[in-house]
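*Asks:* Quick one, fold the following:
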Amino acid sequence: MNWDKGEGKTLPTELHGPVPGRTPMLNAVTRYRGRTTNLWLKLEQENPFGSIKDRVAYSLLSSIFESGVLCGGIIESTSGNLGVALARYSQICGVEFTAVVDPRTSRKLVRQMRSADAKIVEVTNPDETGGYLLSRLAYIRDRMAAEDLLVWPNQYENPANPRAHSEGTAPEIASAVPHGELDVFLGVSTGGTVRGFTDYVKRNSLPWRCVAVDEVGSVALGGPPASRCLNGIGASRTSSFVDGRDCLNVKVTAAEAVAACDWVASELGVRVGGSSGAAVAGALRWIGEGLGAEHVVVVCPDGGDRYEDTIYSPGWRRAKELTSRADREFPEVCSTRVVDNSLVLI
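*Replies:* Purely as a prediction, here's the structure:
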């Protein structure tokens, strides 16, 4: 197949490659401000290609492949994780993939995409909010207008995104955590995870509270834009899947997220990414204010291995003027255990 001439091909009717899911959960019994809480971390870094976006990529591509569309290549905007997963699955299926990234995308993840034969387009012009998402989307729309056979999964609006969680991530948690009241903390970027969980909760009439966690300065849930430095959480546009006025939500700072990452690493023995740290910070604030249920779940989208040059870099922290966790209060960890599968500790 000569992709350069814009030729198309009929995609396979079934997506090939490893099926994501069945990731482990780390349960920590914590004591915080006189209250005992079961804190559960859903460790999505144990997916085949290293993040929760493996689930989304699998769902997006499956919906495209099942449609039987004629394809001249796939293009998607990505802050990193989705691009890695789409690149890997596209490589397995023999489909050309173009990842549209920006200067904030992890160089490590860009290298992983390239190693899976992805074409990389870096958009360097900031949008009106100071981010790059709107500029990435504008580039894709221009390409779509010029290339009839190019396919855009559109993670920002495709119902296959939340379906990955309503049919996968959420049911896995339901099978692992004791039945009853549950608070689930979910980072927001596209809003697909939050929408998938709320759909699952409504469909099954569960006594769960889904809490969306965003970074201060993001407009994913509404509000004015401001400078942000975390990757993988927040957005330059409001979510098409969830409205901040209609859901429980909390906004945290980058400093809170980084401090939470350090606490998880030192006290629970596993490194998580920045968006995971933000979600943990949101959960701990919730618990500290006496709002949490007995069981609190935090969905951790990826691991710390992808943030060695940012979240876990002393130089990056100094440049961003982020304080250490010594300045903050954290729970006492009484005991830990792993539920399902294996866990690689640092």
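*Asks:* which stretches of the stretch 101-250 of the chain form strands?
*Replies:* 119-122, 182-187, 208-215, 248-252 (DSSP state E, counting those that start in this stretch).
*Asks:* With mean pLDDT and mean neighbour count added, can I get the ones you listed in JSON lines?
*Replies:* Using the backbone N, CA and C atoms, a C-beta is placed for each residue, glycine as well. As requested, these are exported to JSON lines (pLDDT from 0 to 100; neighbours: other CB atoms under 10 Å):
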{"stretch": "strand 119-122", "mean pLDDT": "98", "mean neighbour count": "15"}
{"stretch": "strand 182-187", "mean pLDDT": "97", "mean neighbour count": "28"}
{"stretch": "strand 208-215", "mean pLDDT": "97", "mean neighbour count": "26"}
{"stretch": "strand 248-252", "mean pLDDT": "96", "mean neighbour count": "20"}
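*Asks:* Next up, the contacts around the residue most central in space within the chain.
*Replies:* Nearest to the mean C-alpha position of the chain, by CA atoms, centre = their mean, lies residue 301 at 4.5 Å. Listed by CB atoms under 8 Å, 6 or more residues apart in numbering, the contact set of residue 301 reads 44, 51, 52, 53, 81, 187, 232, 273, 275, 276.
*Asks:* Which pair of those residues spans the longest distance?
*Replies:* Spatial extent of the contacts of residue 301 (CB to CB) is set by the pair 53 and 276 at 12.9 Å.
*Asks:* circling back: now go through the contacts of residue 301 and say which are in helices.
*Replies:* Counted as lying in helices by DSSP state H, out of these, are 53, 81, 275, 276.
*Asks:* so which of these is the most crowded?
*Replies:* Across those, neighbour numbers were computed from other CB atoms under 10 Å; residue 276 holds the maximum, 35 neighbours.
*Asks:* Find residues that contact each of residue 53 and residue 276.
*Replies:* 301, 302.
*Asks:* Could you measure from residue 29 over to residue 307?
*Replies:* Applying CB to CB, to the nearest Å, the value for residue 29 to residue 307 is 27 Å.
*Asks:* between those two, which one's more packed in?
*Replies:* Neighbour count, other CB under 10 Å: between residue 29 and residue 307, residue 307 has more, with 27 against 15.
*Asks:* Let me see the contact set for that one.
*Replies:* Going by CB under 8 Å, 6+ apart, the list of residues near residue 307 reads 106, 231, 261, 273, 274.
*Asks:* who's in contact with the last one?
*Replies:* Applying CB under 8 Å, 6+ apart, we find residue 274 in contact with 230, 231, 232, 233, 254, 257, 258, 261, 307, 310, 311.
*Asks:* if you set the cut-off to 6 Å instead, what comes out?
*Replies:* 230, 257, 307, 311 (CB atoms under 6 Å, 6 or more residues apart in numbering).
*Asks:* Now tabulate the ones in helices among the contacts of residue 301 in TSV and tack on pLDDT and distance to residue 297.
*Replies:* Shown next, in TSV, are these (pLDDT from 0 to 100; distance: CB to CB, whole Å):
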residue	pLDDT	distance to residue 297
53	98	19
81	96	20
275	97	15
276	98	12
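*Asks:* in the stretch 101-250 of the chain, which spans are helices?
*Replies:* Assigned by DSSP state H, counting those that start in this stretch, the stretch 101-250 of the chain shows helices spanning 107-115, 133-146, 160-164, 170-176, 192-204.
*Asks:* Using a markdown table, lay out the ones you listed together with distance to residue 125.
*Replies:* Compiled in a markdown table, those are given as follows (distance: least, CB to CB, whole Å):
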| stretch | distance to residue 125 |
| --- | --- |
| helix 107-115 | 18 |
| helix 133-146 | 5 |
| helix 160-164 | 26 |
| helix 170-176 | 37 |
| helix 192-204 | 26 |
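*Asks:* Out of the ones you listed, which gets nearest to residue 74?
*Replies:* Set against residue 74 and scored by CB to CB, the helices of the stretch 101-250 of the chain come closest in helix 133-146, at 11.0 Å.
*Asks:* The closest one packs against which elements?
*Replies:* The contact analysis (3 or more CB pairs under 6 Å, 6 or more residues apart in numbering; DSSP states H and E) places helix 133-146 against strand 74-77, strand 97-101.
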